[in-house]
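J.: how does the following fold in three dimensions:
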Amino acid sequence: MDNLQSAWYLADMRISVIVLTHNRAHLLRQCVERVLLRTSDHTGEILMWDNASTDETAGYLDSLDDPRIRVVHHEQNIGQNAYAEAFALAGGEYFVELDDDVIDAPERWDATLLDAFERIPDLGFLAADLVDNPHDQAAHVRYHVRPDEYTPLELNGVRLLAGPTGGGCAMTSRSVYEHVGGFRKQKRGGFWLEDAAYIEDIERLGFQAAVLADLRVHHTGGPYYSVESQEKADFWKRWERMRARREAVKRMLVRIPGVRRLNARYNWFVAPS
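T.: As a prediction, this is how the structure comes out:
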């Protein structure tokens, strides 16, 4: 069902949801049935980008008959670089980046994101919080490894969490996206943190990133739920080594007299506990 060349268009479309998928049909089915089909009328387009899957993903996507769904079957797995390609095809006023392993969300979750996003000036990236799922890597870190990195705050009646913000289920606006030049691409392709790079870009231009405290989705990432590629496993090993080095440098810095007090005032970095 590759209808990119069709003339289908929704003039009143506000939200485009973009999903990348690769060889996780068992999770993708749940994502469609319990997340994508629970969106509100604000979502006029669901763009599904199949990164050269070799399981039953392609057949499943082609069987879907929701008129909002557009499918791209790409001949190569270009990893996270596909976000830049897919977003360039989207027509909405707001974009939602959704992982194919988000398998459950409340009804009208997209409208909840949209309402909060529009109420906060200078917001550039708003992510749903996660259900505390012990088998999910991201949720385990969020609740049991680094919960202290999240600070509750309220802006214009919206309860937020300031802290590490990911793209598992997150909204940005077309205006912000185009202003910063969209998602970056990495020459090597494959797995990398395109959402973290995007957040760096928007924050340099004065936009904020945050987590919406009153919206939680069920994320199922990691080897408990699917076979992890060697490339992804290698990336996280490198990331953890770099993080350990950064933390070691921070610990040395805060031992210098006056640095901890100045850091608390100017917020140069998150101080080690």
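J.: all contacts plus neighbour counts: C-alpha atoms, from now on.
T.: OK.
J.: need the longest strand for this structure.
T.: strand 208-219 (DSSP state E).
J.: tell me the buried residues in that one?
T.: Within strand 208-219, the residues that count as buried by 16 or more other CA atoms under 10 Å are Gln208, Ala209, Ala210, Val211, Leu212, Ala213, Leu215, Arg216, Val217, His218, His219.
J.: pull the contacting residues for the residue nearest to the spatial centre of the chain.
T.: Nearest to the mean C-alpha position of the chain, counting by CA atoms, centre = their mean, stands Gly167 at 1.2 Å. Gly167 makes contact with Glu97, Leu98, Asp99, Ala127, Asp195, according to CA atoms under 8 Å, 6 or more residues apart in numbering.
J.: how about a cut-off of 7 Å?
T.: Glu97, Leu98, Ala127, Asp195 (CA atoms under 7 Å, 6 or more residues apart in numbering).
J.: so can I have CSV of the residues you listed showing pLDDT and secondary structure?
T.: Converted to CSV, those look like this (pLDDT from 0 to 100; DSSP: H, G, I helix; E, B strand; the rest coil):
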residue, pLDDT, secondary structure
Glu97, 97, strand
Leu98, 98, strand
Ala127, 98, strand
Asp195, 91, helix
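J.: quick one: which of these is most hemmed in?
T.: Among these, the one with the most neighbours (other CA atoms under 10 Å) is Ala127, at 28 neighbours.
J.: check which helix or strand the closest residue to that residue other than its chain neighbours maps to.
T.: In space, and not counting its chain neighbours, Ala127 is closest to Ala170: 3.9 Å by CA to CA, 6 or more residues apart in numbering. Ala170 belongs to strand 169-173 when assigned by DSSP states H and E.
J.: strands paired with that strand, and their directions?
T.: Its sheet considered, strand 169-173 pairs with strand 94-99 (antiparallel), strand 123-130 (antiparallel) by DSSP bridges.
J.: the shortest one: what's the following helix or strand?
T.: Right, strand 94-99. strand 102-104.
J.: quick one: residues contacting the closest residue to Thr172 other than its chain neighbours.
T.: Excluding its sequence neighbours, the residue lying closest to Thr172 (CA to CA, 6+ apart) is Phe125, at 4.8 Å. Phe125 is in contact with Ala170, Met171, Thr172, Gln208, Ala209, Ala210, counting by CA under 7 Å, 6+ apart.
J.: for stretch 46-62, what is the average pLDDT?
T.: Averaged across stretch 46-62, the pLDDT comes to 97.
J.: can you list the buried residues in that stretch?
T.: Ile46, Leu47, Met48, Trp49, Asp50, Asn51, Ala52, Ser53, Thr57, Ala58, Leu61.
J.: nearest to Ile256, of those?
T.: Asn51 (48.9 Å; CA to CA).
J.: once you drop chain neighbours, what's closest to that closest one?
T.: Asn77 (4.5 Å).
J.: wait, is Asp55 part of a strand?
T.: No - according to DSSP: H, G, I helix; E, B strand; the rest coil, the state of Asp55 is coil, so it is not within a strand.
J.: now do the helices in the stretch 1-150 of the chain.
T.: 25-34, 57-63, 82-87, 109-119, 137-140 (DSSP state H, counting those that start in this stretch).
J.: between those, which gets nearest to His73?
T.: helix 57-63 (7.3 Å).
J.: got a list of what Phe117 touches?
T.: By CA under 7 Å, 6+ apart, the contact set of Phe117 is Leu123, Leu126.
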